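S.K.: One predicted model, sequence on top.
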Amino acid sequence: MDGTAGDVTAYITSRDLDPAKMPAHVAIIMDGNGRWATSRGKNRLLGHTQGYHTLKQIVYESNRLGLTCITVYAFSTENWRRSGEEVGGLMALMLGAMQAEIEELIQTGIRVRVSGRLTELPADLREELQSATTRTEHLPGLIFNLAINYGGRAEVVDAVRAICKKVADGVLSEEDVTEGLIHDHLYSPDLPDPDLLIRTAGELRLSNFLLWETAYSEIYVTPVCWPDFDPDTLVQAIADFQKRTRKFGTVVEETIP
Ligand code: IPE
Ligand code: IPE
Ligand code: MG
């Protein structure tokens, strides 16, 4: 197995999935919007708009499949390096999307959450995201966690800073610093670590996504660009995940296929 989509041979539908082996948390690097657009001679922003329609389908499918949580990488701390037109277009798209979708998300029972340095976002987007989080926090369905202005290194830095402050204030001592304590100071300590990490558009890298939380995630990379990803492809990724043997450092007896 090389961890890529080519490993799946038979076509599988959601009815074929094993309910006892569903991943609780699926994290997705939604990559390839730009390539999808430029290969069609279109502006990159059209790829992002198309990616929004894909995301909508995937959120509702994830809820239908009974996943506890999905975390989607929407904007990284490094994505500010793109042109002003693209960054501005992405901010406007995220604001418009949240405004357009919030009522249906509430009706479906989906909880909106956000991970990232929100203080650096435009005020209107930040307020819309905070409002969506508050309005949905009591709901029973899928946790839809948006990683916006998110960086795995920034998240660890923010956790370390918060811990240092507590040590300086005498609330904690150096000996209290454990993996569990660092975990408790990350952006979303109540969420389980991702069981499955999906990356679209073929790149074999993490691009600063969930560096701490993906320590034991199973990785699935598909060549499909995010605008062409669909619920069927999600099901194929989960089916592939269900065939994996997770070891967490222990020895598990396996038969050679
Ligand atoms: C991912 O698609 C979306 C964001 C990073 C916001 P890209 O825009 O990175 O698409 P490619 O990688 O250039 O094709
Ligand atoms: C990761 O994709 C960020 C998001 C999907 C939001 P990038 O396109 O920014 O990653 P690199 O630059 O190819 O590593
Ligand atoms: Mg990219």
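M.R.: That came through fine. Numbering: from 1, shown residues only. Ligands and ions are numbered 1, 2, ... in the order given.

S.K.: How far away from the center of its chain is stretch 68-88?
M.R.: Remark: stretch 68-88 is offset 12 Å from the chain centroid, using CA atoms, centre = their mean, to the nearest Å.

S.K.: Dump that stretch to CSV, keeping only the CA atoms.
M.R.: Taking Å, rounded to 0.1, in the frame of the first residue of the first chain, the C-alpha atoms of stretch 68-88 are listed here in CSV:
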residue,chain,number,x,y,z
THR,A,68,-18.4,13.1,14.7
CYS,A,69,-16.3,15.8,13.1
ILE,A,70,-14.6,17.1,10.0
THR,A,71,-11.8,19.7,10.0
VAL,A,72,-11.3,21.3,6.6
TYR,A,73,-8.2,23.4,5.7
ALA,A,74,-9.7,26.6,4.2
PHE,A,75,-6.9,29.1,4.6
SER,A,76,-3.4,28.6,5.9
THR,A,77,-1.2,31.1,7.8
GLU,A,78,1.0,31.0,4.6
ASN,A,79,-1.8,31.7,2.2
TRP,A,80,-1.5,35.4,2.9
ARG,A,81,1.5,35.2,0.5
ARG,A,82,-0.9,35.0,-2.4
SER,A,83,-2.0,38.0,-4.5
GLY,A,84,-4.2,40.6,-2.9
GLU,A,85,-6.9,39.7,-5.4
GLU,A,86,-6.9,36.0,-4.5
VAL,A,87,-6.7,36.7,-0.7
GLY,A,88,-9.5,39.3,-0.9
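
S.K.: Relative to Val87, how far out is whichever residue of the stretch 1-150 of the chain sits closest to ligand 1?
M.R.: Closest contact between the stretch 1-150 of the chain and ligand 1, by CB to the nearest ligand atom, is at Gly34 (2.7 Å). All C-beta atoms are positioned from the backbone trio N, CA, C, and that covers glycine. From Gly34 over to Val87 the distance is 13 Å, taken as CB to CB, to the nearest Å.

S.K.: Which one's more surrounded, the two?
M.R.: Neighbours per residue (other CB atoms under 10 Å) separate Gly34 from Val87, with Gly34 holding more: 21 against 14.

S.K.: need the contact list for that one.
M.R.: By CB atoms under 8 Å, 6 or more residues apart in numbering, Gly34 lies in contact with Arg44, Gly47.

S.K.: now do the one 3 residues further on
M.R.: Contact partners of Ala37, counting by CB under 8 Å, 6+ apart, are Asn43, Arg44, Leu45, Leu46, Gly47, His48, Gln50, Pro227.

S.K.: just those now: which is nearest Ile198?
M.R.: Nearest to Ile198, judged by CB to CB, of those is Pro227 at 14.7 Å.

S.K.: Doesn't the closest one lie inside a helix?
M.R.: Yes. Residue state for Pro227 (DSSP: H, G, I helix; E, B strand; the rest coil) corresponds to a helix.

S.K.: From ligand 2, how far off is it?
M.R.: According to CB to the nearest ligand atom, to the nearest Å, Pro227 and ligand 2 sit 13 Å apart.

S.K.: And that residue, how far from ligand 1?
M.R.: Distance from Pro227 to ligand 1, by CB to the nearest ligand atom: 9 Å.

S.K.: Isn't that residue up against Gly47?
M.R.: Yes. In this structure, Pro227 is within contact of Gly47 by CB atoms under 8 Å, at 5.9 Å.

S.K.: Residues in contact with stretch 14-25: which ones?
M.R.: Applying CB under 8 Å, 6+ apart, the contact partners of stretch 14-25 are 64-71, 191-196, 218, 231, 235, 238-239, 241-242.
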